[in-house]
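Chemist: return atomic coordinates for the entry below.
(one chain, ligands or ions: 1)
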Amino acid sequence: MPLKPIVYHIPVCPFSQRIEILLQLKGHADAVEFRVVDITRPRDAKLLRKTRGTTALPVLETEDGRILKESLVILQYLDETVAGGLKRRADPFEHAVERMLIAKEGPFTAAGYTFVMNQDRAARRSHEEKLLKLFAQLDDFLREHSPGGEFLFAEFGLAEAVFTPIFMRFWFLDYYEGFELPAEPEFDRVRRWRAACLDHPAARQTSREEIVKLYYDYAFGAGNGSLLPGRTKSSFVFEPDFKTRPWPPAEKYGPPASDAALGLAAGSGA
Ligand code: GAZ
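Modeler: Predicted coordinates for the structure are as follows:
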């Protein structure tokens, strides 16, 4: 029987990064065993049996073989079971406040991903407006509950562990969509929050360069490691290493670049 819980994950997945950030905050990055799942290959039958057929990751397997799904659920479970102090707010009202903010992550994440995956140039503006509306709502929430601070409470906590990986993924929006938060006061509070989140040392599991390069295919509508026509490799592969690949062309409304142009054909024949 393993001594630690196992987290099955995709290394650059934002939902899995939430867990890595939490463990880093607790000073126990090694409290779980991370097992990498290659989503470009058919899923291992043993793992599929454990999840009863679902494929979404992360999945946590406890020391005695029980299964938990959903990153937010796994996050709270590990917060309560791993040493290093609770990262959720202890006060029930404050915890309720952080959960209200966390409840906004789904629509926010979905808006950014559908924006980057959009292939219709004419729809670009409406995606942008939708996302800006959600940023404005985060701004308003932070003004209500934490007008003068950086984080929601005094320190980087549960809500920050949830949103920071999403803010990092949205680097694909500034690169492929030229998206920026407008320099207007209605975004000042969320801008400050985002900057403090991105600056935190517990959130260094990935980088802008890695995200921009790995998510190239997302900008052409191909998510989760799926293949675009004319390509033999997904930009989401971990070999060749992203550092050896060139920065991809930023133009997404046009024909996608080839394997070779993306540096994916390196060691061709291999
Ligand atoms: N709600 C779950 C959680 O744990 O929080 C979500 C987990 C999830 O979606 N995992 C994805 C997965 O395992 C990888 S990350 N996919 C493989 C599979 O076989 O299911 C998000 C989007 C989106 C496209 C992609 C993603 C994403 O919108 O990051 O919107 C939120 C997937 C088009």
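Chemist: what are the ranges of the strands in the chain?
Modeler: Remark: strands assigned in the chain by DSSP state E are 6-9, 33-36, 59-61, 67-69.
Chemist: show me the shaky parts of the stretch 1-150 of the chain.
Modeler: Within the stretch 1-150 of the chain, the stretches with pLDDT under 70 are 1-2.
Chemist: which bits of it sit near the ligand?
Modeler: 10, 13-15, 39, 55-58, 70-72, 109-110, 113-114, 117 (C-beta under 6 Å from any ligand atom). Using the backbone N, CA and C atoms, a C-beta is placed for each residue, glycine as well.
Chemist: domains in this structure, by residue range?
Modeler: Here the domain parsing of the chain from automatic domain parsing is 6-81, 92-198, 212-270.
Chemist: the strands of the chain into a markdown table, with extra columns for mean neighbour count?
Modeler: Listed next are these as a markdown table, based on neighbours: other C-beta atoms under 10 Å:
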| stretch | mean neighbour count |
| --- | --- |
| strand 6-9 | 21 |
| strand 33-36 | 14 |
| strand 59-61 | 22 |
| strand 67-69 | 15 |
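Chemist: got those as JSON lines, with distance to residue 191 columns?
Modeler: Below are those laid out as JSON lines (distance: least, C-beta to C-beta, whole Å):
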{"stretch": "strand 6-9", "distance to residue 191": "30"}
{"stretch": "strand 33-36", "distance to residue 191": "32"}
{"stretch": "strand 59-61", "distance to residue 191": "34"}
{"stretch": "strand 67-69", "distance to residue 191": "33"}
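Chemist: what residues of stretch 188-196 count as buried?
Modeler: Using 16 or more other C-beta atoms under 10 Å as the test for burial, stretch 188-196 gives 189-194.
Chemist: so which of the domains of the chain gets nearest residue 204?
Modeler: domain 6-81 (8.3 Å; C-beta to C-beta).
Chemist: just how off-centre is that closest one within its chain?
Modeler: Mean-position distance between domain 6-81 and its chain equals 14 Å (C-alpha atoms, centre = their mean, to the nearest Å).
Chemist: stretch 183-200 now?
Modeler: 18 Å.
Chemist: mind listing what residue 16 touches?
Modeler: 7, 9-10, 34, 57-58, 71 (C-beta atoms under 8 Å, 6 or more residues apart in numbering).
Chemist: if we use 7 Å, what do you get?
Modeler: 9-10, 57-58 (C-beta atoms under 7 Å, 6 or more residues apart in numbering).
Chemist: try residue 223
Modeler: Residue 223 neighbours (C-beta under 7 Å, 6+ apart): residue 117.
Chemist: can you start the count at 847 instead of 1 from here on
Modeler: Okay, residue one is now 847; in that scheme the one you just asked about reads as residue 1069.
Chemist: from the ligand, how far off is it?
Modeler: Distance, residue 1069 to the ligand, using C-beta to the nearest ligand atom, to the nearest Å: 4 Å.
Chemist: surely residue 934 meets residue 926?
Modeler: No. Under the criterion of C-beta atoms under 7 Å, residue 934 makes no contact with residue 926, lying 8.1 Å away.
Chemist: the more surrounded of these two?
Modeler: More neighbours surround residue 934 than the other of residue 934 and residue 926, with 19 against 10 (other C-beta atoms under 10 Å).
Chemist: now the residue lying closest to the more buried one once chain neighbours are set aside: how far from the ligand?
Modeler: The shortest distance from residue 934 to any non-neighbouring residue, by C-beta to C-beta, 6 or more residues apart in numbering, is to residue 1004 (4.6 Å). Distance of residue 1004 to the ligand, computed by C-beta to the nearest ligand atom: 14 Å.
Chemist: equivalent analysis for residue 1108, please.
Modeler: 19 Å.
Chemist: what's near enough to touch that residue?
Modeler: 1062, 1081, 1091, 1094.
Chemist: got a quick ChimeraX command for the buried subset of those?
Modeler: Selection command for ChimeraX covering only the buried members of these, criterion 16+ other C-beta under 10 Å:
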select :1062,1081,1091,1094
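Chemist: Serialize the contacts of residue 1108 to CSV and add fields for pLDDT.
Modeler: Shown next, in CSV, are these (pLDDT from 0 to 100):
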residue, pLDDT
1062, 97
1081, 93
1091, 97
1094, 98
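Chemist: just the contacts of residue 1108 that are near the ligand?
Modeler: Answer for the contacts of residue 1108 near the ligand: none qualify (C-beta under 6 Å from any ligand atom).
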